[in-house]
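Asks: got a structure for you, letters missing:
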């Protein structure tokens, strides 16, 4: 993750702050943060970040919406959908929407290492 630019779309402020610090320790640059889909849409500017970590459940919708929009727009950013629930259906939905994959929050680092090694 070293030198990777990352956007965080997460409504849990404590989790987002902790994730941002952890990513910085791994050498990543958090270039944008959003709490809602609307904020995420506004924050997605050129150049696109290398990776967008998107929470599944957001106050104004489902993170899958943003992933689908980015896929349709042919964004160069890769997306990973994340949730505190490790529902097998989320894995399928994330990939069908065009995400790189799904990462349960309790196994986030393990999942990111696996997904980004591809």
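Replies: Received it, and whenever you're ready, just let me know what you need. What you see is a predicted model; the values in this text were computed from it and never measured.
Asks: contacts, neighbours, all on C-alpha from now
Replies: Noted.
Asks: Helices of the protein, start to end?
Replies: Counting by DSSP state H, the chain has helices at residues 13-25, 37-43, 63-72, 88-97, 108-116.
Asks: just how off-centre is the worst-scoring helix or strand of the chain on mean pLDDT within its chain?
Replies: Lowest on mean pLDDT, DSSP states H and E among the helices and strands of the chain sits helix 108-116, with a mean of 85. The chain centre lies 12 Å from the centre of helix 108-116; the measure is C-alpha atoms, centre = their mean, to the nearest Å.
Asks: Run through this structure and note the low-pLDDT ranges.
Replies: Within the chain, the stretches with pLDDT under 70 are 46, 118.
Asks: now the angle from the least confident helix or strand of the chain to helix 13-25?
Replies: Inter-element angle recorded for helix 108-116 and helix 13-25: 60 degrees (by axes from the mean of the first three to the mean of the last three C-alpha atoms, to 10 degrees).
Asks: Bridging across strands, which residues link to the most centrally placed residue in the chain?
Replies: Centroid-nearest residue in the chain: residue 53, 1.1 Å away (criterion: C-alpha atoms, centre = their mean). Counting by DSSP bridges, residue 53 is bridged to residue 8, residue 80.
Asks: Quick check: it touching residue 5?
Replies: No. At 10.9 Å, residue 53 does not count as touching residue 5 under the criterion of C-alpha atoms under 8 Å.
Asks: Residue 42 - how many residues pack around it?
Replies: 9 (other C-alpha atoms under 10 Å).
Asks: how about it, what does it touch?
Replies: By C-alpha atoms under 8 Å, 6 or more residues apart in numbering, the contact set of residue 42 is empty.
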